[in-house]
Structures are given as C-alpha cells and as structure tokens.
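A.B. asks: Predicted model follows, preceded by the sequence.
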Amino acid sequence: MQWIAPSEKDHANNQLEKRLWEAADQFRANSGLTAQQYSGPVLGLIFLRFAEVRFASRRAALGGA
C-alpha cells in the first residue's frame with residue numbers, strides 16, 4: 001500500500017487542516033501531557049488524514065465528485 005497525498009486541496013480543506021493542527025498545538029501546550037501521552041491524539045489526527053486521502057481516491061475511482 002502506498003500513501004499518496006492529493007495533488008490539489010481546496011481552500012476549505014486547507015482551513016480545516018490548519019484549524020485541526022492549531023487545536024492540537026493548543027491542546028499540547030495547555031494539557032500538561034508528556035510527549036508519550038500526547039502521541040495518542042496526534043496519531044488519531046494522522047489516521048484521519050490517511051482515511052481522508054483513501055476515501056478521496058476511492059471516490060474519484062468510482063466517478064464521484
């Protein structure tokens with residue numbers, strides 16, 4: 001399996017991604033968590049990004065918008 005980032009993103013996706021990472025940074029700064037404890041939420045965000053890319057590729061293959 002090979003992960004390929006989408007070549008184009010629309011403005012809404014860029015804004016959402018930026019807000020998610022800002023929220024993750026804020027969470028880390030104010031949570032008092034260690035780096036090891038913080039890995040769970042970050043890995044969750046990475047997985048969601050992976051799922052988004054996979055979904056977009058499948059949608060395109062099926063002729064979706």
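C.D. replies: Yep, it's here. On a predicted model such as this, the values are computed, not experimentally measured, just so you know.

A.B. asks: what's whatever helix or strand Lys18 lives in in contact with?
C.D. replies: Per DSSP states H and E: Lys18 is located in helix 11-31. Residues from elsewhere that reach helix 11-31, judged by Cβ atoms under 8 Å, 6 or more residues apart in numbering: 9, 38, 41-42, 45, 49. (Glycine included, C-beta is placed from N, CA and C.)

A.B. asks: what's downstream of that helix, the next helix or strand?
C.D. replies: The helix or strand immediately downstream of helix 11-31 is helix 35-61, counting by DSSP H and E.

A.B. asks: the inter-axis angle of that following helix versus helix 11-31?
C.D. replies: 170 degrees (axes from the mean of the first three to the mean of the last three Cα atoms, to 10 degrees).

A.B. asks: and helix 35-61, how far out from the chain's middle?
C.D. replies: When C-alpha coordinates are averaged (Cα atoms, centre = their mean, to the nearest Å), helix 35-61 and its chain have centres 5 Å apart.

A.B. asks: and what of stretch 53-65?
C.D. replies: With Cα atoms, centre = their mean, you get 17 Å for stretch 53-65.

A.B. asks: quick check: mean pLDDT across it?
C.D. replies: For stretch 53-65, mean pLDDT rounds to 84.

A.B. asks: Any idea how many residues pack against Ala29?
C.D. replies: 9 (other Cβ atoms under 10 Å).

A.B. asks: ditto for the one 3 residues further on
C.D. replies: Applying the criterion other Cβ under 10 Å, we find 7 residues in the vicinity of Gly32.

A.B. asks: now the one 4 residues further on
C.D. replies: Neighbours of Gln36 under the rule other Cβ under 10 Å: 7.

A.B. asks: before we move on, what about Arg49?
C.D. replies: Arg49, neighbours per other Cβ under 10 Å, totals 14.

A.B. asks: same thing with the one 3 residues further on?
C.D. replies: One way to gauge burial is a neighbour count; for Glu52, by other Cβ under 10 Å, it gives 14.
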